[in-house]
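From the sequence below, what's the structure:
(chains A and B)
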Amino acid sequence: MVAATQKSARTALLKRAEVVGEFGEERWQQLRRAGHDLRLHALTHLDSYLAMAEEKVIAAGGHVHWARDAEEVHRIVLDIASQHSVHKIVKVKSMVTEEIELNHVLEDQGIKVYETDLGEFIVQLAGQRPSHITAPALHMTKEEIADLFCEKLKVKAEPDPKLLTEIARKLLREEFLNAGMGISGGNFLIAETGTLVLVTNEGNGRMCTSLPPVHVAIVGIEKIIPDWESAAVMLKLLARSVSGSKITAYNTFITGVREGGPREFHLVLLDNGRTRILKDEVARETLMCIRCGACMNTCPVYNQVGGHAYGAVYPGPIGSILTPQLIGTRTAGGLAFASTLCGACSEICPVMIPIPEILLHLRRRYIEGDEFESSSVPETLKVIVKASRYVMGSPTLYRLAGRLGKTLQTPLRSGDWIPTMPAPLDRWTMSRPFPALQGDFRRWWKTQTKQDISGEKSHE
Amino acid sequence: MKVQLFVTCLGENFLPHMLQKMVEILERIGVSCEFPEGQTCCGQPYFNSGFQKEGQKMALLWMKAFADAEGYIVAPSGSCVEFVKHRYPAMFPEGTAEHEEALKVAARVFEFSQFLVNILKVTDLGASFPHRVACHSPCHLTRGLGVREEQKLLLRAVRGLDLVPLNEEETCCGFGGIFSVVYPEVSMAMMEAKVRNIMAGAAEYVVVSEPGCLINIRGGLQKMKANIQAMHLIDILATGGAA
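I've put the predicted structure just below:
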């Protein structure tokens, strides 16, 4: 699983590096800066841009719904489904519907839901959740997928991507025509015209949003961008960062109800904790994310553990800052520590989200507590750390501790190494030996200085 | 020229011989070294673990130790330098005396290779090391401080040294301070990936100029019984010193 993840992530990174190289490093940095600035601008003027989008969507014949949380979306979607007696739904790949676990709710009501993105189709068939936000089945090999198709679809499947795609396509074609509703997320929402932007590579997005009689788009309120000019910037950044393409195969723009399209268009604008995140000046940049997945591809932690290990809808570096904010640091604060702060994520991020900075902010929230949440650690830990800080902060005690350490390590020592340390450092030595405390720099320094004074050596 | 030695807590306790060599190299090229004895740890382990208040207290003590000492502050660690350079000023609100003080030390502090190449404009130290050497790029030095070429410039000037490529040289080794004890299995997997890349190349030695990463990778090479030694850049620059 990890090998498949690493292989796919590496391929995506190489392709990205190639197109970014072609684009020109300096131009790319300017584009990132522009993307960052316009996303931050949109977030800090969210109220007026959302109102503008609502007005435009309604003027174009669409319906707009506001949802505070997952339950409100569930109710809205179920209501629309029952009004139209919907039994089958086709879906465009959407992380926000994963976030609110929409499929389970629909299926509990007897509605059949078909994920139509190939990767999503595969993970749905396997009963899993996506391990990557843009490549949901990136953790699986073609052999595993062929076995899955044989087992679940009762078909003969060869481990050949082309043939596997054919099988899924044949099955889904039927369902596009049968479905009573298409559900999508939204990559962006353009405020000036109320236009929903969908970016897909397989064309399934267009089928889902044009064949069924009703289209429901569920969009996080942070996806808003001011205008079409902004969309041009964002699409350039997104395509290159996701898959190393200059442009994604299908860019779909939907403004309300249009001729030949679905009879009804519903836009559901979801908060689900986003306005709370917005109040936090340090962490609000989390909401600038355009869900490209580049931070996952480049993250050395993600590459070792894979997406499922994060135990959350959004994996990888962005997930490590988003999840604790969505469900609370008390529950998910551990994720803020699942990083070496190596900075690879913020270096690649197309909108320059300072991920390590926000990780530190959330670590502080978890340990000390802040204006948003109280501390999640026991007082005893704080007392221990404070005592250690007292020792480390006093040159005298610090030197004494060093000397004490040298005495204490004697029985554990084997040459320059200590093979096994007592807890909590046994967690270090389970992987590699600990270095023995060595020498005495301060004493050496003193003898040096004495020599200087006696004139043997000059410091001039 | 005069510099203040910022020896770092990991350097002082685990790599004292490397520190001695750092002093020898600097003095050899006419830089006189001073050692502010009030220094202990810069506070990064506390701050980065979420104990920001304790980290701030350590920062105040560290600044006190260096405030009265004149000249550049030089350390054999990009991580500690980055912490002082970038984090200290951000840690105290603008307009406070602490913030002003932090800005002053931030402007003075440099990592060793950064100091040699960018401030002193020295790349050839007359060292000689006739071996195949790979060079790891520590995260905070590379991405944090933007020091990407300096180490290699210094290595290329070493007599007889054959600088060999290292696959994924900019990928983190899995140390990450507290990360290594909070997620030991993941840290190990990352360290092993790094060591495998080192072993897959032609190197007899690998340069790891960051005390934390050096301890991690050196331990990994030891555990995986690799016939390759990890060294600080300073260990190599101090060899055959006939400048």
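
in the stretch 201-350 of chain A, what residue is nearest chain B?
residue A:340 (2.8 Å; C-beta to the nearest C-beta). Where C-beta positions appear, they are placed from N, C-alpha and C, glycine not excepted.

Can you name the residues that contact that residue?
A:300-301, B:139, B:172, B:174-177, B:179, B:187, B:190 (C-beta atoms under 8 Å, 6 or more residues apart in numbering or on different chains).

neighbours of the closest residue to it other than its chain neighbours, just the number please.
Distances taken as C-beta to C-beta, 6 or more residues apart in numbering or on different chains place residue B:176 nearest to residue A:340, at 2.8 Å, with adjacent residues excluded. Residue B:176: 27 surrounding residues under other C-beta atoms under 10 Å in any protein chain shown.

what's the average pLDDT for stretch B:89-104?
Averaged across stretch B:89-104, pLDDT comes to 97.

the strands in the stretch 301-450 of chain A, which residues?
With strands called from DSSP state E, counting those that start in this stretch, the stretch 301-450 of chain A shows them at A:417-418, A:434-435.

just the contacts of residue A:340 now: which is nearest residue B:102?
Closest approach to residue B:102 among the contacts of residue A:340 (C-beta to C-beta): residue B:177, at 20.9 Å.

Could you tell me the phi and psi values at residue A:87?
Backbone torsions of residue A:87, given as degrees, to the nearest 10, read phi -110, psi -20.

these two touch, right, it and residue A:180?
Yes - counting by C-beta atoms under 8 Å, residue A:87 touches residue A:180, with 6.3 Å between them.

quick one, phi psi at the residue of the stretch 201-350 of chain A closest to chain B?
Note on residue A:340: backbone dihedrals following degrees, to the nearest 10 are phi -90, psi 0.

ok so, going back, any common contacting residues for residue A:87 and residue A:180?
Common contacts of residue A:87 and residue A:180 (C-beta under 8 Å, 6+ apart): none found.

Need the residues that contact the helix or strand in which residue A:37 is found.
Assigned by DSSP states H and E, residue A:37 falls within helix A:25-44. Helix A:25-44 has contacts (C-beta under 8 Å, 6+ apart) with A:20, A:23, A:49, A:191, A:222, A:224-226, A:230, A:233-234, A:236-237, A:278, A:284-285, A:287-288, A:290, A:349-352.

Over to stretch A:349-358?
So stretch A:349-358 is contacted by A:32-33, A:35-36, A:39, A:237-238, A:240-241, A:282-283, A:285-286, A:288-290, A:292, A:294-295, A:317-318, A:320-321, A:339, A:341, A:343, A:345-346 (C-beta under 8 Å, 6+ apart).

out of those residues, which are buried?
Neighbour-count burial (16 or more other C-beta atoms under 10 Å in any protein chain shown) is assigned, among the contacts of stretch A:349-358, to A:32, A:35-36, A:39, A:237-238, A:240-241, A:283, A:285-286, A:288-290, A:292, A:294-295, A:317-318, A:320-321, A:339, A:341, A:343, A:345-346.

Now do the SS call for the residue of chain B found nearest chain A.
Of all residues in chain B, the one sitting closest to chain A is residue B:176 (2.8 Å; C-beta to the nearest C-beta). Following DSSP: H, G, I helix; E, B strand; the rest coil, residue B:176 is assigned to coil.

ok, it - contacts?
Contact analysis of residue B:176 by C-beta under 8 Å, 6+ apart lists A:339-342, B:187.

go on, residue A:204?
For residue A:204, the contacting residues are A:92-93, A:116-118, A:172, by C-beta under 8 Å, 6+ apart.

That one and residue A:142, how far apart?
The gap separating residue A:204 from residue A:142 is 20 Å, by C-beta to C-beta, to the nearest Å.

try residue B:213
Look at residue B:213 and residue A:142: by C-beta to C-beta, they are 37 Å apart.

Comparing those two, which shows the higher neighbour count?
residue B:213 (30 against 15).

so the more buried one makes contact with residue B:138?
Yes - counting by C-beta under 8 Å, residue B:138 is a contact partner of residue B:213 at 5.1 Å.

Identify the contacts common to those two.
Common contacts of residue B:213 and residue B:138, defined by C-beta under 8 Å, 6+ apart, comprise residue B:173.

Can you show me the strands along the stretch 101-250 of chain A?
Taking DSSP E, counting those that start in this stretch as the criterion, the stretch 101-250 of chain A carries its strands at A:112-115, A:181-184, A:188-190, A:195-200, A:214-220, A:224-225, A:250-254.

export those strands to JSON lines and tack on mean neighbour count, mean pLDDT and distance to chain B?
Converted to JSON lines, those look like this (neighbours: other C-beta atoms under 10 Å in any protein chain shown; pLDDT from 0 to 100; distance: least, C-beta to the nearest C-beta, whole Å):
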{"stretch": "strand A:112-115", "mean neighbour count": "20", "mean pLDDT": "97", "distance to chain B": "30"}
{"stretch": "strand A:181-184", "mean neighbour count": "27", "mean pLDDT": "98", "distance to chain B": "35"}
{"stretch": "strand A:188-190", "mean neighbour count": "25", "mean pLDDT": "98", "distance to chain B": "29"}
{"stretch": "strand A:195-200", "mean neighbour count": "23", "mean pLDDT": "97", "distance to chain B": "29"}
{"stretch": "strand A:214-220", "mean neighbour count": "24", "mean pLDDT": "98", "distance to chain B": "28"}
{"stretch": "strand A:224-225", "mean neighbour count": "25", "mean pLDDT": "98", "distance to chain B": "28"}
{"stretch": "strand A:250-254", "mean neighbour count": "18", "mean pLDDT": "96", "distance to chain B": "32"}
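
Tell me the residues of the stretch 1-150 of chain A that contact chain B?
Within the stretch 1-150 of chain A, no position is adjacent to chain B by C-beta under 8 Å from any C-beta of the partner chain.

No further questions, thank you.
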